[in-house]
Structure formats: C-alpha cells, structure tokens
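Novice: Sequence and computational prediction follow.
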Amino acid sequence: MNTNPIPLNRPWIEHLFAPYVGQIGDDYLGYRNHVYRTVTYAMHFLGESSDAERTIETAMVYHDIGLWSDRKLAYLEPSESLCLADNAKNGWGLDPELLRGIIHWHHKITPYRGQHPEIIEACRKADWIDATKGWFRKGMPRNVITSVEAAFPNHGFHKSLMRLARDIGGSTIVGGFQVAAGILKW
C-alpha cells in the first residue's frame, strides 16, 4: 500500500448505510467493517485513485445486503436490484452496469474478463481477500492485510455469515450449500 494512511471514515459509505442500519441490526458493525476492508483493498489494487471510487463504495455497501434486506442466501440478484433501485430513485447518476457488474461478479472464482475489467476485478479480489480472512491474498501484501484488519476489526462478520446460513437455510450445511450454489460464479 502506498504511504497514505488508510481512510478510516468514508462519508459516502456512511450515508448509504444510514437507511439500512436497523435492518442489518446486530450484524451492522461487522458488515460495515467488511465493506470498509473491501473498498480499501479495491482502491489499493487501483492505485488509490479511481474515477469509480464512489461507484465502488456504493456497490460494496450493497454487495451482500440481500442477506438482510431479502433474507436470501442467493443474495446477488436482490442486492443488485436494491442497489440499482436506490441509484435511480436517489439520482446518484452512477453507471448501473458497473454497479451490477461489481455486485454480480464479486464471488467469481476465476478472473473477470468482461466490461470494466480493472474495476470489477479489483472488487472481486478485494472480497475474496476479506471473505477468506487473507487466506487468499490475490497479490495483496500480508502487511497491508494486517493493517487493514487492524483498522477495521471483524466484529463477528464471518460468524454472522455462518449464523445467517443456518437461520435462513435451516442448517449450516444446507445453508452453506445454498450460499455456494447461489453466489459462486465461474
């Protein structure tokens, strides 16, 4: 990571989360920090400067939100729909295809090669890093991961994902299978 400090407050992210804090409930702080970590990693991959920063922040706020808004383990489409509806309703003027692409492909197993590859790939790699707690580093230096995790503690995020898989899917095993079947892309 460059020598710039990690941005600890992103006002646009806070603004976007405001209407959903109650719906996300006790999982809010964990999900919020997951979003901050993924945005930080994505921006690192993009050299800390991107005209798409606001789009990335927006997509990452919404990328998993369907777990809470729709209580669905196949949450990509509900997350995309909610993001695109809010973008249109609130007049944010963000590229809907880029928003959709970031959300739709963030669990892609293989590298993304379609439209907007640099941005979508940065977000995809960022989410894989955080979802695996740095086990898959995707080229990110370990010291950067350590610094980002220290800045934005987990607050039970990964445990909440397991709980939601169990609660929504009926059991951790069945729910885990439903998650994998519903969100992983090749």
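Specialist: Perfect, thanks for sending it. Numbers count the residues shown, from 1 in each chain.

Novice: Could you check how far the closest residue to Asp70 other than its chain neighbours is from Ala85?
Specialist: For Asp70, ignoring the flanking residues on the chain, the nearest one in space by Cβ to Cβ, 6 or more residues apart in numbering is Pro78 at 3.9 Å. (C-beta placed from N, C-alpha, C; glycine too.) Counting by Cβ to Cβ, to the nearest Å, the separation of Pro78 from Ala85 is 10 Å.

Novice: swap in Asp64?
Specialist: As defined by Cβ to Cβ, Asp64 lies at a distance of 17 Å from Ala85.

Novice: the more surrounded of those two?
Specialist: Neighbours were tallied for Asp64 and for Ala85 using other Cβ atoms under 10 Å; the higher tally belongs to Asp64 (27 against 10).

Novice: That one - that's part of a helix, no?
Specialist: No. Secondary structure of Asp64 (DSSP: H, G, I helix; E, B strand; the rest coil): coil, not part of a helix.

Novice: ok, now which ones touch it?
Specialist: Residues in contact with Asp64 (Cβ atoms under 8 Å, 6 or more residues apart in numbering) are 31, 34, 75, 79.

Novice: Centre-most residue in the chain?
Specialist: The centroid of the chain falls nearest to Met60 when counting by Cα atoms, centre = their mean (4.0 Å).

Novice: Can you read off the pLDDT for that one?
Specialist: With respect to pLDDT, Met60 has a value of 98.

Novice: And it, which helix or strand is it part of?
Specialist: Using DSSP states H and E, Met60 maps to helix 53-62.

Novice: Which elements pack onto that helix?
Specialist: Contact here means 3 or more Cβ pairs under 8 Å, 6 or more residues apart in numbering; DSSP states H and E; on that basis helix 53-62 packs against helix 11-17, helix 28-45, helix 76-90, helix 96-105, helix 117-131.

Novice: make it 6 Å
Specialist: Other helices and strands packing on helix 53-62, by 3 or more Cβ pairs under 6 Å, 6 or more residues apart in numbering; DSSP states H and E, are helix 11-17, helix 28-45, helix 96-105.

Novice: what packs against the next helix or strand after that helix?
Specialist: Using DSSP H and E, the helix or strand that follows helix 53-62 in sequence is helix 66-69. Helix 66-69 makes packing contacts with helix 76-90 when contacts are defined by 3+ Cβ pairs under 6 Å, 6+ apart.

Novice: Also compute the angle for the helix it packs on relative to helix 53-62, please.
Specialist: 130 degrees (axes from the mean of the first three to the mean of the last three Cα atoms, to 10 degrees).

Novice: what does helix 76-90 contact?
Specialist: For helix 76-90, the surrounding residues in contact (Cβ atoms under 6 Å, 6 or more residues apart in numbering) are 62-63, 65-66, 69-70, 72, 94, 96, 99-100, 103-104, 183.
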